[in-house]
Structure formats: structure tokens, C-alpha cells
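A.B. asks: Generate coordinates for the sequence data below:
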Amino acid sequence: MTSSSGKRRPNFLLIVTDQQRADHLGCYGNRLLRTPHIDALAAKGVRAENFYVANTSCMPNRATLMTGRMPSVHGVVHNGINLDRNHVTFVELLQSAGYSTGLIGKSHLQSFGYDRPLKRSWVNQNGGKAPVEALRDAHKNHRNGPQYNCEWTPDWKAGRRKQVDTPYYGFDYVDLCTLHGDQVQGNYADWLAHQHCAPDTLRGPANAFPAPEYSAPQAWRTRLPEELYPSAYVGQQTCEWLTAHAARDAEKPFFLQCSFPDPHHPFTPPGRYWDMYSPDDVTLPPTFSEGDRSALVQRIHAYTQAGGSREGTAPFSVSERECREIIALTYGMIAMIDDQVGQILATLERLSMDENTVVIFTSDHGDFMGDHGVVLKGPIHHQGVVRVPFIWRDHELPNERLGATLKNVSGSVDIAQTILDRAQVAPYNGVQGVSLLPGLRSSTPISVARAGIVIESEAAKAQPGNASRFRLRSLITESARLTVSTDPALCELYDLGKDPGERENLWSKPEARAQRDELSQQLLAETMRLVDTSPLPAAVA
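C.D. replies: From the prediction side, this is the model:
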């Protein structure tokens, strides 16, 4: 299919990983981890140097990626809130413009079924007569019911669901993975049951191979062979979708999202990937043993030291050995993904789709991975958690841009606009990101009417070590991070140029008062700019 200009319309392959920080790739400066296939994308494309998530949890940031709108606008402010089916996604625009659309792997636009316990609920604020259930929220659409149970993992495990109902947020085809590590469910679990007569004997810590040399929490040596592991499944299904599309309608442009559930806890890389990297070779992060820690990090350490759980999704502190083990196992998970990316790129080339396919690589958020002695993530805006990779490989990029970097501060809120711009499809009213295409194509910085990238976080419940829920808003520029919070103790200011490890909080320093005031004003202005412009006024009869 060609555009109005007569040029063939580009295909898009969006590869998304889970919980992968930017410096967990060779092309982002990692000297131990080997990621040759992803590095090759960067060498033949452009890599964003300062790319940030809109939120530090899966569901909010993935909803932002799909809509180009901030969490406070699309309403998915933390995990456990479904993306409204009435919200327009950029994939729907591509679908409407004639694209074939597919999603393979993790979606997490709806709840997995393990996100809702202990979350917020209606509270009687004045002791009056309780309204009926339908009127207990400001929105009458409560985002529940059958159309919001497509990723509800208990239904998949019980056999009550076999497929996602499509179209699904613009996707014609969905091959779903829920959960992480060797615990993945969805379509993957059904496929696994057809590959092995007793799949439940291969998964989980109770069935794991003995690995007494490892002691890290949430780490076990899975019995799943490499060819049956979820990452291999996502890679294989992606290649099969591409092959089927080429046979079915090679002239029709496509948008395919390939979304790996790894790297993510539990740490269960299979086969040779388990010990591909030795913990002894891992260098601890420079800030691992730093005593000068933010208030949130101090609370995490205090919670862990008081016997708090290290088996859930909340961040926790680790010993030096545990940290090295977790990093080494994470590297194994990433190495496996890189091998799958290599297979996918080879399939594109074999099908003669390579030249006309824009390949994009990113992640939905990062991980502390030992920074300040902590692992995992949460409503915390340290660099390891909020800065993620973004690579754009496009054969129409000028030769001088191959292997170049995009210096502008940018983020996941910009992905929708950038893809739509490249596809020459106009966005909908209310989209909030900007197109990065001018900066990808030229070394001249993009001229944008924003001071930096805003990151929003809201704790779904009281976090470990915190008495109550809190909210965070950060503004990140090329040289600084300012974070304000409903909890005054969590306000922060870091000079990222002089202090990239975020060791010294300047918020209360008299010498930083002028910078704090200026950034606070910029954050306020940016927050006002991000107020929703949808809906449009009613049409005049």
C-alpha cells in the first residue's frame, strides 16, 4: 500500500521489554552485558540518550505509550486500573488508516488479576447515606465488566478464557502473555501445555533445579528448557506472525508490537542463560554502599531490616552478594531477549521486509538493580528506575545519523506522536507527546515548548516503610531532576550533571534555592500545559 505521495507506507515493529534500565545494554555503555543484535539496531539507527518513562509502573506507562497521554489524564495512575476502552490509541489510528495490527506478548493494558487487592476503594467521607454502587465514583464508567477481563489471569488459568477479544485497543490480533519469569500465563500457557505433557512440573521454585550457590530472593533455576521459555515463545510467535503477514498480504503495511515479559523478577533465565554471567564478574553500582540516601530509599532499607517481605513487587534492600546474583541473572534474561531479537530481525530480512520496516526498541520502566543498595522499582524517581532505552532504526534516516544519539529529553509519552508522524497519520485531539522525528533525522535539537519531561507517580497503597499513600511529580531536564510530593520529606533536587548517581539531595540547601524555585515554576507550568484538552466543544447545530 502506498501513501498519497506515492511512497510505500512504512511498517512498524515495536519491541518492548519489561523493567529494563537504559544502561542494561551494550550500546548504552554496559561493558559486561553482550547485546549484539540490539546494539546493531542502535548502530544502524538513533539512540535516545535521555529517554524517560511517564510513570514507574507497568500499566500506567504502557497506557501512556498507547495513548500519548499522561497517567493523570488517561486515568491509569497505578497498576490495577484498566485503560478505558473509550480512550483512543495511536494503534487504532493506524488500524483506521489501513494497517494490519498485532500484539504478541505482554500487554498489561488491563489488570492481571493480582493488581487489585489492598488498592484504593470508596470511602464514606462524611458518614452520610452511601450512594448506590453505580454512583460511588465521579465516572460512571468504572472500567470493569467482561470487556475489561481480557488479561484477568485467574480466568486464563481456570480455562474460562482462551483468547483476547479483538479488536483490542486497536490490535486486530493478540497473542497474550501475563505475569513474568517462568510463571507466564495467557496464550503462552496453552501453547506450553501442547508442547509438554506436564508443564506444571517445569515451573516455579518447587520444581527448580538445585542451585545452592544462589541465595537472592525471587531467584530459582527453572526446569523450563530454553525453547519453551516465554521469551522464546514471544520471539517465535513474532516470527510466525511476520511470515503469515508476508504470505497473506505483503503489500499491506503493519504495526506489530513484540513485548517480552522479561527482564523482570522472578529471576529465572533458563538453560545456558542462567549462568551465562557470573555474579563474581558483576561490579556493584557506585552508589550501592552510599550512606547519603533519599528519604524513600532510607524507608525501604528500614522496612527490609525490620523483616519486611522480599517476595512481592515492592522494592527491598539486598546484600552485596544478592545484588551481584540478581544483576547476573538479569543479564542472562536480557541476553536471551537479544538472541530472540536477532531471530526476528533475520526473519524481516528473509521476508524482504527489512528495508521498509521501522524497528523501535524500548522498555516500560527500569529497576534500581542495586543503586543505593535496593532492587526492583516503585513510585520512586531515581535514574535507574525512570530512564530507559529508546532506539529507532529506520532505513530512511540520513547516513550521518546512523549510530547517532538524540540528546533532547524525551519519553514514552512521545512514542505515539513519533510513530504517527512517520506513518503520516494525523493524531487525535488530546495527544500530549511530541514527535521526535525531526531530532531523529537531524543533529539539530528539537524545538519543543516544554521545559523537560514530567514523571507522575501515585502509590496504590501505603508503600513499605511509609505510613500513608503519597504522590510524586518530577521534572527532568538535561541537567537536573526536581521532585515534589504530597509528603514533604520526599521532595528532592539533584544536579544530574555533577551528581549523576543522585547522592546529594539539594532541596533544602540554601545555595540551591534559586534553582529549586526556577525548576518548581517550570514544573508548575508544565503541569498546567498537560491539562487535558479533550473533549472538544460540542458542534454548533
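A.B. asks: For the residue nearest the centre of the chain, give its distance to H245.
C.D. replies: Closest residue to the average C-alpha location of the chain: D364 at 0.7 Å, with CA atoms, centre = their mean. Distance, D364 to H245, using CB to CB, to the nearest Å: 25 Å. C-betas here are computed from N, CA, C, even on glycine.
A.B. asks: And N187, by the same measure?
C.D. replies: 18 Å.
A.B. asks: cool, V409 as well?
C.D. replies: Separation of V409 from H245 (CB to CB) stands at 35 Å.
A.B. asks: and if you look at P510?
C.D. replies: For P510, the distance to H245 equals 61 Å [CB to CB].
A.B. asks: How about F12?
C.D. replies: F12 is 12 Å from H245, by CB to CB.
A.B. asks: so what sits against both of those two?
C.D. replies: Common contact partners of F12 and H245 (CB atoms under 8 Å, 6 or more residues apart in numbering): F254, L256.
A.B. asks: who's in contact with the nearest residue to G501 once chain neighbours are set aside?
C.D. replies: Leaving aside its sequence neighbours, G501 sits nearest to T287 (CB to CB, 6 or more residues apart in numbering; 4.5 Å). When contacts are counted by CB under 8 Å, 6+ apart, T287 touches D371, H372, G501, E502, R503.
A.B. asks: Tell me the pLDDT of F90.
C.D. replies: For F90, the model assigns a pLDDT of 98.
A.B. asks: Sorry, slip of the keys, the one I care about is S443.
C.D. replies: Note on S443: pLDDT of 89.
A.B. asks: go on, the one 4 residues further on?
C.D. replies: Looking at S447, its pLDDT stands at 82.
A.B. asks: if I've got this straight, it is in a strand?
C.D. replies: No. Assessed with DSSP: H, G, I helix; E, B strand; the rest coil, S447 is coil; it does not lie in a strand.
A.B. asks: need the contact list for V434.
C.D. replies: Neighbours of V434 in contact, by CB under 8 Å, 6+ apart: S410, D414, Q417, I446, V448, R450.
A.B. asks: With respect to G145, which of the residues you listed is nearest?
C.D. replies: Using CB to CB, Q417 comes nearest to G145 of those, at 31.0 Å.
A.B. asks: Just confirm the closest one contacts T67, I think it does.
C.D. replies: No. Counting by CB atoms under 8 Å, Q417 stays clear of T67, with 10.7 Å between them.
A.B. asks: Looking at these two, which one has more neighbours?
C.D. replies: With neighbours defined as other CB atoms under 10 Å, Q417 and T67 compare such that T67 has more, 29 against 19.
A.B. asks: what does the model give the closest residue in space to that one that isn't next to it in sequence for pLDDT?
C.D. replies: Nearest non-adjacent residue to T67, counting by CB to CB, 6+ apart: H74, 5.2 Å away. With respect to pLDDT, H74 scores 98.
A.B. asks: what's the answer for Q463, then?
C.D. replies: 64.
A.B. asks: quick one on the thing from earlier: highest neighbour count among the contacts of T287?
C.D. replies: Ranking these using other CB under 10 Å puts H372 first, with 27 neighbours.
A.B. asks: Quick check: it vs L135, distance?
C.D. replies: 45 Å.
A.B. asks: sorry, back to before: where do the contact lists of Q417 and T67 overlap?
C.D. replies: F90, V431.
A.B. asks: In terms of secondary structure, what does the helix or strand containing M336 contact?
C.D. replies: Take DSSP states H and E as the rule and M336 turns out to sit in helix 320-350. On a contact count with 3 or more CB pairs under 8 Å, 6 or more residues apart in numbering; DSSP states H and E, helix 320-350 meets strand 11-17, helix 36-43, helix 230-249, strand 357-363.
A.B. asks: at 7 Å what do you get?
C.D. replies: Under the contact criterion of 3 or more CB pairs under 7 Å, 6 or more residues apart in numbering; DSSP states H and E, helix 320-350 touches helix 36-43, helix 230-249.
A.B. asks: residue ranges with poor pLDDT in this protein?
C.D. replies: Within the chain, the set of residues satisfying pLDDT under 70 comprises 1-6, 115-119, 462-467, 540-541.
A.B. asks: what about 90?
C.D. replies: Within the chain, the stretches with pLDDT under 90 are 1-8, 113-122, 249-250, 289-293, 312, 378, 443-449, 459-469, 538-541.
A.B. asks: that older thread, what about the residue nearest to G501, distance to C27?
C.D. replies: T287 sits 23 Å away from C27, going by CB to CB.
A.B. asks: One more: V53?
C.D. replies: 19 Å.
A.B. asks: Between these two, point out the one with more neighbours.
C.D. replies: A count of neighbours by other CB under 10 Å puts V53 above the other of V53 and C27, at 30 against 21.
A.B. asks: isn't L490 right up against L296?
C.D. replies: Yes. Counting by CB atoms under 7 Å, L296 is a contact partner of L490 at 5.8 Å.
A.B. asks: So for those two, which sits in the more crowded spot?
C.D. replies: Each of L490 and L296 has its neighbours counted (other CB under 10 Å); L296 has more, 26 against 21.
A.B. asks: so where does the more buried one fall, helix or strand?
C.D. replies: Element membership for L296 (DSSP H and E) is helix 295-305.
A.B. asks: ok, now R481?
C.D. replies: Assessed by DSSP H and E, R481 sits inside strand 480-485.
A.B. asks: which residues sit against that strand?
C.D. replies: Residues outside strand 480-485 that contact it (CB atoms under 7 Å, 6 or more residues apart in numbering) are 381, 470-475, 491-496, 515-516, 519-520, 523.
A.B. asks: Next secondary structure after that strand?
C.D. replies: Next in sequence after strand 480-485, counting helices and strands by DSSP H and E, comes strand 492-495.
A.B. asks: Please identify the buried residues of whichever helix or strand comes after that next one?
C.D. replies: Following strand 492-495 in sequence order, the next helix or strand is helix 513-529 (DSSP H and E). Buried residues in helix 513-529, defined by neighbour count with 16 or more other CB atoms under 10 Å: Q515, R516, L519, Q522, L523, E526, T527.
A.B. asks: try stretch 484-503
C.D. replies: Buried residues in stretch 484-503, counted by 16+ other CB under 10 Å: V484, S485, D487, L490, C491, E492, L493, Y494, L496, G501, E502, R503.
A.B. asks: any idea which of these is closest to I326?
C.D. replies: Nearest member of the buried residues of stretch 484-503 to I326, counting by CB to CB, is G501, at 18.9 Å.
A.B. asks: separation between that closest one and W392?
C.D. replies: 28 Å.
A.B. asks: picking up where we left off before, just give me the closest of the buried residues of stretch 484-503 to F254.
C.D. replies: Ranked by distance to F254 (CB to CB), the buried residues of stretch 484-503 are led by L496 at 38.5 Å.
A.B. asks: any idea which of the contacts of V434 has the most stuff around it?
C.D. replies: Result: D414 is most packed of the contacts of V434 (other CB under 10 Å), 29 neighbours.
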